[in-house]
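>>> I would like to see how this sequence folds:
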Amino acid sequence: MEDILGKIHSIETCGTLDGPGIRFVVFMQGCNLRCQYCHNPDTWDTTSGTIYTPTDLFKEILNYESYMRFSNGGITVTGGEPLLQIDFLIQLFMLCKEHGIHTVLDTAGSIFNDKVKILLEWTDLVILDIKSFDKVQYLNLTGAKLQPTIEFIDYTNTIQKSIWIRYVLVPNLTDDLSIISDLSKFLGSHKYIEKIEVLPFHKLGEYKWEALNLPYTLLDTSVPTESDLLKVLEAFYKYNRNVVIV
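This is a model prediction of the structure:
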C-alpha cells in the first residue's frame, strides 16, 4: 500500500483532555468550517502544515506507546477537521489498530460519506463537537450545513460506536435553551453516547485571529456565568445522564 501524504498542524505527545488516558494528539491542518468562536483559526488553511506519511507518524507514536498503554490511552486525531484528510487517517488508524493502540477521532462530523464509514471501522471512540442543533444557526456559526453531522451521529448509533458529544456554550450565540433542549432530546435517543461535555466559551485564541488579520466578532462576548451553565446542564440532564463541564 502506497503511503499517502498528510498535512499536520502540530502534535501533543502527552494530552489528557481528548479521550481516555494519556494520548498522542495529532492536530491535522485544514478545516472546512469557519466557526465564529474557533480558538485555532491557524488550522484552517489547507495548503500549509508539516508533511508526514502515515508510516512516519506511526513511528513517532510508538515512541510514546508505554505511556499510552500504562494509562489506557492511545492516539487522538483532531484538527482543523481531520476528515478532510480521510485517506491519510484510514491508513494511520489501520496501523494503530493492527498494533493494538486505541484510536479516537475528534471531529465536527461535517463530512459524512462511505470513506468515513470505513474510517469508523478502525475508530474506537468518536468525540463530536456539534455547534448547534438549529439549521439556520449552524449555517451562521460555521458556514456549513447541519445535516451531515446529524447523519454522522445517527450512523454511530447504527453501528454501536462509542461517542462523546461536545457543545461550546457561547453567551448570546449558542445559549438558546429551546435549541439546546431539542438537541438534548435528540442525543438522548442515541444509546451509545457515553458522555456530553459542555465547554464554556473563552477568548484564549483571540490573538490568533489578530495575527492572521481576521475580524474577531466576539470581542465583546463574555464567558458564561455559573447560572448560564446550570441552565444548560439542566437542559441536557433532562434526556441524558452523563453531562459534565470541562
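>>> and stretch 31-48, which residues are buried?
For stretch 31-48, burial by neighbour count (16 or more other Cβ atoms under 10 Å) applies to 31-33, 35-44, 46. From N, CA and C alone the C-beta is placed, and that goes for glycine too.
>>> pairing partners for the longest strand along the chain, with directions?
Secondary structure of the chain per DSSP state E: the longest strand is strand 6-15. Here strand 6-15 has these sheet partners by DSSP bridges: strand 23-28 (antiparallel), strand 50-52 (antiparallel).
>>> export stretch 155-168 as CSV, just CAs?
Coordinates of each C-alpha in stretch 155-168 appear next as CSV, following Å, rounded to 0.1, in the frame of the first residue of the first chain:
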residue,chain,number,x,y,z
TYR,A,155,-24.7,6.3,11.9
THR,A,156,-22.6,5.9,15.0
ASN,A,157,-25.7,4.7,16.8
THR,A,158,-26.5,2.3,14.0
ILE,A,159,-23.0,0.7,14.2
GLN,A,160,-23.0,0.9,18.0
LYS,A,161,-19.9,3.2,18.1
SER,A,162,-19.0,4.9,21.4
ILE,A,163,-19.2,8.6,21.1
TRP,A,164,-18.7,11.7,23.3
ILE,A,165,-20.5,14.9,22.4
ARG,A,166,-19.0,18.3,22.9
TYR,A,167,-21.0,21.6,23.0
VAL,A,168,-19.4,25.0,23.2
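>>> what average pLDDT does the longest strand of the chain get?
Strand 6-15 shows a mean pLDDT of 96.
>>> Three-state assignment for residue 104, please.
strand (DSSP: H, G, I helix; E, B strand; the rest coil).
>>> now the helix or strand harbouring residue 116: buried residues?
Take DSSP states H and E as the rule and residue 116 turns out to sit in helix 114-121. Of the residues in helix 114-121, 116, 118, 119, 120 count as buried by neighbour count, 16+ other Cβ under 10 Å.
>>> in JSON lines: these, plus distance to residue 8 and pLDDT.
Listed next are these as JSON lines, based on distance: Cβ to Cβ, whole Å; pLDDT from 0 to 100:
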{"residue": "116", "distance to residue 8": "20", "pLDDT": "98"}
{"residue": "118", "distance to residue 8": "21", "pLDDT": "99"}
{"residue": "119", "distance to residue 8": "17", "pLDDT": "99"}
{"residue": "120", "distance to residue 8": "21", "pLDDT": "99"}
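>>> what comes up buried for stretch 216-226?
So, applying 16+ other Cβ under 10 Å, buried residues of stretch 216-226: 216, 218, 221, 224.
>>> many thanks, we can stop here.
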